[in-house]
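> output the structure for:
(one chain, ligands or ions: 1)
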Amino acid sequence: MATVYIGLGANLGNPEQTLKEAIFELSGLSQFARLRASSLYASKPMGPAEQPDYVNAVVCAETDLAPLAVLDLLQAIEHQFGRQRSLRWGPRTLDLDLLLYGNETISLPRLTIPHPGLTQRDFVVVPLAELNSELVLPDGRSLLSVQATMAHHDLQKIT
Ligand SMILES: CC1(C)Nc2nc(N)[nH]c(=O)c2N=C1O
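Residues are numbered from 1 along each chain as shown. Okay, here's the model as predicted:
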């Protein structure tokens, strides 16, 4: 069993409803045990600003799936929610990012763990800290030390 942390993001359609439905979908999968979800947060887009605001959340769960199998499952759910592989950093119906897989560091063509943007994104770090404020990243940094030193934007807790 490994503890996985998955980032959710959406800014097209009804992002809050999409994330609630995606969390419900993930919580019903037998491959993910003891799933817990953070609150939902609204935030301005990081990167290209000419797109709608985002809604973000993070979930954690226990899984026996290997990392690439988790990735395959998340990409299948993204497609189920109608995500087209659109412009890099463009708007999206639903993004599911594998952020952490246990304490592993993974560098594959399809998968980099920890997620490359993790420590620069308050819309990831804040919900992650809500789920596990004692988290230590594979490189030894505590999540709280990352949160204390990162740039913060206008993250608004929704639920
Ligand atoms: C375009 C980019 C980098 N910006 C984002 N900005 C925010 N606020 N939330 C996201 O999930 C998000 N995802 C992205 O992929």
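
> residue numbers of this protein in contact with the ligand?
Listed as neighbours of the ligand in the chain under the rule CB under 6 Å from any ligand atom: Gly9, Ser43, Pro45, Met46, Gly47, Tyr54, Asn56, Trp89, Asp95, Phe123. Where C-beta positions appear, they are placed from N, C-alpha and C, glycine not excepted.

> could I get those as TSV with secondary structure?
Converted to TSV, the residues of the chain next to the ligand look like this (DSSP: H, G, I helix; E, B strand; the rest coil):
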residue	secondary structure
Gly9	strand
Ser43	strand
Pro45	coil
Met46	coil
Gly47	coil
Tyr54	strand
Asn56	strand
Trp89	coil
Asp95	strand
Phe123	helix
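
> which residue ranges of the chain form strands?
Counting by DSSP state E, the chain has strands at residues 2-10, 33-37, 41-43, 54-63, 95-101, 106-107, 112-113, 156-157.

> point out the least confident one among the residues of the chain next to the ligand.
Of all the residues of the chain next to the ligand, Trp89 carries the smallest pLDDT score, 74.

> run through the residues that contact it.
By CB atoms under 8 Å, 6 or more residues apart in numbering, the contact list for Trp89 reads Gly47, Pro48.

> phi, psi of it?
phi 70, psi 20 (degrees, to the nearest 10).
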